[in-house]
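Visitor: Any chance you can model this:
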Amino acid sequence: MNYGIDIWGANNFFIENGKLKINYGNQPSLIEIIEEIEPDALKENLSQEDEYEIYENFTVNGKSIELEKDITVDYFNDLLKNNNFIGQIEDALERAIYDIDLEPSDINRVVLAGGTSNIPLIKKIVEDFFGIKTEAKKSLGELVGHGAGILAGLSEDESLNYTVIRKTSKNIGVARGNKFLTILSKNFKYGEESPKYKLGLKNPKEELTISFYEGDAAKIEDCEKIGKILINGNKFKNGIVYISLVKEDKSDSQIRCYLYDEDKNLVFDDYLTDV
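Guide: This next block holds a predicted model:
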C-alpha cells in the first residue's frame, strides 16, 4: 500500500514497502530519502502524540533538497481513508469472518500485532467490527511462534481442537511492462480460484511462455519469479486470454493456472513449472 502526501516542491511523498520515498519534480524514478525514519516509527509516534515531524536533507541530480513536514494524526487518518487503506482492512475482516462461517459477535478474542496495529484508527475499526476490545502484542514473533506450534501439533495429532485456514502470504501475478500485475491476491484462501484477469497477447504464436511472479511491490524488478507456463497462443482468438490462479490446499502448495479464451471457455489447466 502506498501512502501519498503532497508537499511543497514535490509531486509525491509516500511510504512504499516499508520505506519512505519521494517522486520529486518531473523525475521519473522514486528516490529513497529516509532510512532511519521507518513507517513503524511514524505509526508508533502518532499513536501517542498528535503530530510527528519529519526532517531530512537529500540530493536529487546533484541538487540539495530540504524536506520538513509535520504529519498530524488527522492528516494521517485522512491519508489512510483516501488511499482506501481502511477499505482494505474492512474487506480483510469481512473475508476472515466469511471463511470461518461465523458472525463478528461470535468472536470473543481479537489480538492485534505488527506496526499497523499501533494506529488508533485501525484499532477502532477492528473493535467496532467485532464489538469487543482488542488485545495488543508488541512482539509479532510471539504470535508467529504460537501459530507454528499449533501447526506442528496438528501434524502429529489431528484430534486437537483447532481449524487452520491457509491463505496466501504474498500477491502472485504477471508482468505488464515493468509493473507487477496481481492476479491472486495475498490473504486469498488456499484452494479457491482467483478472479479471472483479462490479458491481451501482442503477438500470439504457437509457443508462448507466460512467467509468474510473487511479491508485494509495484515494480516487477522487486518481485520474485516463481514459475512459468508454456502455451499455444494460437488457441486464443483475437489474442484475448483470461487468467486465474489457485494455490492448492495440499502439503506442497503448488500453484495451478487456468487460461480461458475470449468466450470464457477453459483452454489450459496445469501447474506452474519451475523457472
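Visitor: show me where pLDDT drops low in the stretch 1-150 of the chain?
Guide: Low-confidence segments of the stretch 1-150 of the chain, defined by pLDDT under 70: 1-44, 55-61, 63, 65-67, 79, 83, 115, 138.
Visitor: That one: strands as residue ranges?
Guide: 3-7, 10-16, 19-23, 31-34, 51-60, 63-72, 111-113, 135-137 (DSSP state E, counting those that start in this stretch).
Visitor: got it, and the stretch 151-275 of the chain?
Guide: 171-176, 179-184, 197-200, 208-215, 224-231, 240-247, 255-260, 266-271.
Visitor: Going by neighbour count, which residues of the last one are buried?
Guide: With burial defined by 16 or more other Cβ atoms under 10 Å, the residues of strand 266-271 counted as buried are F268. Heads up, the C-betas are built off the backbone N, CA and C, glycines and all.
Visitor: Just the C-alpha atoms of that strand, please, in PDB.
Guide: Provided in PDB are the C-alpha atoms of strand 266-271 (Å, rounded to 0.1, in the frame of the first residue of the first chain):
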ATOM      1  CA  LEU A 266     -11.300 -23.300 -20.400                       C
ATOM      2  CA  VAL A 267      -8.300 -23.900 -22.800                       C
ATOM      3  CA  PHE A 268      -5.400 -24.600 -20.400                       C
ATOM      4  CA  ASP A 269      -5.200 -26.100 -16.900                       C
ATOM      5  CA  ASP A 270      -1.800 -27.100 -15.400                       C
ATOM      6  CA  TYR A 271       0.700 -26.300 -12.600                       C
END
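Visitor: That one vs strand 240-247, what angle?
Guide: Strand 266-271 runs at 30 degrees relative to strand 240-247, counting by axes from the mean of the first three to the mean of the last three Cα atoms, to 10 degrees.
Visitor: what does the fourth one give?
Guide: With the same axes, to 10 degrees applied, the angle from strand 208-215 to strand 240-247 works out at 40 degrees.
Visitor: residues making contact with strand 208-215?
Guide: With contacts defined as Cβ atoms under 8 Å, 6 or more residues apart in numbering, strand 208-215 is touched by 170-175, 180, 201, 220, 222-233, 243, 245, 255, 257, 272, 275.
Visitor: what number of residues lie near S194?
Guide: For S194, the neighbour count with other Cβ atoms under 10 Å is 19.
Visitor: Could I get the contacting residues of it?
Guide: Contacts of S194 by Cβ under 8 Å, 6+ apart are 183-185, 188, 244-246.
Visitor: Please report how far K205 lies from K189.
Guide: 35 Å (Cβ to Cβ, to the nearest Å).
Visitor: Which of these two has more residues huddled nearby?
Guide: Neighbours were counted for K205 and for K189 using other Cβ under 10 Å; K189 has more, 16 against 9.
Visitor: hang on, that one packs against D99?
Guide: Yes: between K189 and D99 there is a contact under Cβ atoms under 8 Å: 5.8 Å.
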